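1. okay, predicted coordinates and the sequence, questions at the end:
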Amino acid sequence: MIGGGQVLVGGFRQTALLAVLGVALLLANCTNPFMSAAGPESWDVRAHNQDADSLPYALVKLTPQVTDVLATNAPRLSVMFADRRPPQTITFGIGDVVSVTIFEAAAGGLFIPAEAGVRPGNFVALPNQAVDAHGNISVPYTSGIRAAGRTAVEVQQAIVDALKNRAIEPQVLVSLIEQHTSLVSVLGEVKAPARLPVSAAGDRILDEITRAGGPSSQGFDTWVMLERDGKRATVPFGALVYEPANNIYARPNDTIYVYNEPQTFVFFGATGGGPAAQVAAQGQVNFGAWRISLAEAVAKAGGLNDNLADPASVFLYRGETREVAQQLGIDVTPFEGPIIPVIYAVNFRDPAGYFIATRFEMRNKDVIYASNAPVIETSKVLTFLRLVVGTVNDPLIAAQNVLVLKNLINGTSTSGTTAVVVGP
């Protein structure tokens, strides 16, 4: 009887092992949603394998040409506001307070009486006045002089033209007493937020921030937003300090908003192989500077884990504008909206990949993912196989041991074996 039992058990074991082996081979040769993983496999990213309702994306290999395009389109004030000329001459606006002084060549004219010859000068100073709602100022013996949108010299000439047929060789001096229209608003995390008058000599963005007391927080976590004529651009404060081209001239009615927001990036996958892994193996990391490169970001993440990572499969996730995506050679027609999801692939097996990574500038909220090496996935399948085989063997071994013990009790044996089977 025991012989038949052994045949039965052995046949069942062979069938079970063949089934398990088939399942293992199937798992090893296809993407398995039941195996543990930190993210998508590298071949899935490159093959664009995704669900039908998933977000489409574009895959771009990181090359020197790609870094050049991105550097040209980096968020900089010099890119958004290409006109770097100083502001034009300050003009008057409604609400500005001006003074008007009228000179005549001799006494006895329209404004200077004949007995005024003993005066030190033949002039009359009109009371200070604000440019009215119609953009005019009042000058005696005129119907009003247009001031809004004109410079002081233009207003002076307009007054002279209105009085030259009545006054004796009139000359006019117009001065701006209180400036209420040609202002720059500096708001946010500065020590003295204010609306500041624009200097006729021309002040730059850093000059205006300095006049407002300067930033109230650390510079590398400080952002500066400039709004002008309905357009906005936001740059790190360091971009103004270290790249003078971004420190453009301020213009009337500009709004400068200074705020504090730490720049961070997120990393997942097979990272954390270096000393930084003692701090965090996965998660969010602050830049700690006004800008860092991709190489520096990978280093902050602890480097690649040489026990897990595939150096040729490091991916960076970012949204790019349609204009930048087109410059990168991406076909944007399948995408909707102004932002195109882009995955940049960098190959650290290539020695030149590290040079390229130092030229690739990180941006706030970037996501880095390091994929596992293919051998790691095979190892996972083999470990799973051993677990399943062991699970299948346990009841079979127990059944065989029961048969052996039963025959020992009955005093029978087909092979002379008296030991209990404890293994396969």
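-> On my side now, so go ahead.
2. per-domain residue ranges of the chain.
-> Segmentation of the chain into domains, based on automatic domain parsing, reads 2-30+377-410, 42-61+264-372, 77-86+182-260, 97-178.
3. list the buried residues for stretch 101-112?
-> Ile102, Phe103, Glu104, Ala107, Gly109, Phe111, Ile112 (16 or more other Cβ atoms under 10 Å). All C-beta spots, glycine's among them, are computed from the backbone N, C-alpha and C.
4. end-to-end on stretch 86-105?
-> Using Cα to Cα, to the nearest Å, the end-to-end distance of stretch 86-105 comes to 38 Å.
5. numbering from 373 from now on, please.
-> In the new numbering, first residue 373, that becomes stretch 458-477.
6. tell me which helix or strand comes right after the lowest-mean-pLDDT helix or strand in the chain.
-> Least confident helix or strand, the chain: helix 374-400 with a mean of 52, by mean pLDDT, DSSP states H and E. Where DSSP states H and E defines the elements, the next helix or strand beyond helix 374-400 is helix 414-419.
7. partner strands of the host helix or strand of Ser547, with direction?
-> Ser547 belongs to strand 543-550 when assigned by DSSP H and E. Sheet pairing for strand 543-550, assigned by DSSP bridges, gives strand 469-475 (antiparallel).
8. give me the contacts around the strand it pairs with.
-> Contacts with strand 469-475, where a contact means Cβ atoms under 8 Å, 6 or more residues apart in numbering, come from 464, 483, 493-498, 500-503, 509, 511, 519, 524, 527, 531, 535, 539, 542-550, 552.
9. leaving out sequence neighbours, find the closest residue to Thr439.
-> Nearest residue to Thr439, sequence neighbours excluded (Cβ to Cβ, 6 or more residues apart in numbering): Arg731, at 4.4 Å.
10. quick check: the one you found touching Ala724?
-> No: contact criterion Cβ atoms under 8 Å: Arg731 and Ala724 do not qualify, at 10.8 Å.
11. of the two, who's got more company?
-> Neighbours of Arg731 and Ala724, each counted by other Cβ atoms under 10 Å, are more numerous for Arg731; the result is 16 against 11.
12. mind listing what that one touches?
-> Contacts of Arg731 by Cβ under 8 Å, 6+ apart are Pro436, Thr439, Ala443, Ser665.
13. quick check: the last one vs Ser426, distance?
-> Okay, so that is Ser665. For Ser665, the distance to Ser426 equals 30 Å [Cβ to Cβ, to the nearest Å].
14. looking at those two, which has the bigger crowd around it?
-> Between Ser665 and Ser426, counted using other Cβ under 10 Å, Ser665 has the larger neighbour count: 16 against 9.
15. coming back round to it: only the buried subset of the contacts of strand 469-475, as a PyMOL command please.
-> Those of the contacts of strand 469-475 that count as buried under 16+ other Cβ under 10 Å are selected in PyMOL with:
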select buried, resi 464+483+494+495+498+501+502+503+509+511+519+524+527+531+535+539+542+543+544+546+548+552
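16. which ones among the contacts of strand 469-475 are found in strands?
-> If you go by DSSP state E, these have 495-497, 501-502, 509, 543-550 in strands.
17. what count of nearby residues applies to Pro706?
-> By the criterion of other Cβ under 10 Å, Pro706 has 9 neighbours.
18. excluding chain neighbours, what is closest to it?
-> Closest residue to Pro706 apart from its sequence neighbours, by Cβ to Cβ, 6+ apart: Pro428 at 6.0 Å.
19. surely that neighbour is in contact with Phe707?
-> Yes: between Pro428 and Phe707 there is a contact under Cβ under 8 Å: 6.4 Å.
20. need the residues touching each of the two.
-> Counting by Cβ under 8 Å, 6+ apart, the residues touching both Pro428 and Phe707 are Pro713.
21. ok, the two, which is more surrounded?
-> Counted by other Cβ under 10 Å, Pro428 and Phe707 do not tie: Phe707 has more neighbours, with 18 against 11.
22. state the distance from the more buried one to Val470.
-> Phe707 sits at a distance of 55 Å from Val470 (criterion: Cβ to Cβ).
23. Ala502 now?
-> 8 Å.
24. try Glu733
-> Using Cβ to Cβ, Glu733 is found at 49 Å from Val470.
25. quick one, which of these two is more surrounded?
-> A direct count of neighbours by other Cβ under 10 Å for Glu733 and Val470 places Val470 higher, at 20 against 16.
26. so what sits opposite the more buried one in the bridge?
-> Beta bridges link Val470 to Gln501, Leu548, judged by DSSP bridges.
27. for the stretch 523-672 of the chain, what spans make up the helices?
-> In the stretch 523-672 of the chain, the helices defined using DSSP state H, counting those that start in this stretch lie at 524-535, 577-583, 609-614, 666-672.
28. so which of those is nearest Tyr621?
-> helix 577-583 (8.0 Å; Cβ to Cβ).
29. surely Ser665 and Thr730 touch.
-> Yes: between Ser665 and Thr730 there is a contact under Cβ under 8 Å: 4.8 Å.
30. any regions of the stretch 423-572 of the chain where pLDDT drops low?
-> Counting by pLDDT under 70, the ranges of the stretch 423-572 of the chain that qualify are 423-425, 486-493.
31. for the nearest residue to Val527 once chain neighbours are set aside, what are its contacts?
-> For Val527, ignoring the flanking residues on the chain, the nearest one in space by Cβ to Cβ, 6+ apart is Val546 at 4.8 Å. Val546 makes contact with Val470, Ser471, Val472, Thr473, Ala524, Val527, Gln528, Ile531 under the criterion Cβ under 8 Å, 6+ apart.
32. nearest to Ile620 among those residues?
-> Ala524 (25.4 Å).
33. ok, now how distant is the closest one from Pro634?
-> Ala524 is 47 Å from Pro634, by Cβ to Cβ.
34. from Asp504, how far off is Ser554?
-> According to Cβ to Cβ, Ser554 stands 17 Å off from Asp504.
35. who has more neighbours out of those two?
-> Just comparing Ser554 and Asp504: by other Cβ under 10 Å the higher neighbour count belongs to Ser554, 19 against 14.
36. so what are the sheet partners of the strand or helix carrying Leu431 and their directions?
-> Assigned by DSSP H and E, Leu431 belongs to strand 430-433. Neighbouring strands of strand 430-433 in its sheet, by DSSP bridges, are strand 711-718 (parallel).
37. residues contacting the strand it pairs with, please?
-> By Cβ under 8 Å, 6+ apart, the list of residues contacting strand 711-718 from outside reads 417-418, 427-434, 438, 666, 685-694, 697, 700, 702, 704, 707, 725, 728-729, 732.
38. cutoff 7 Å now
-> Strand 711-718 is contacted from outside by 417, 427, 429-434, 666, 686-694, 697, 702, 704, 725, 728-729, using Cβ atoms under 7 Å, 6 or more residues apart in numbering.
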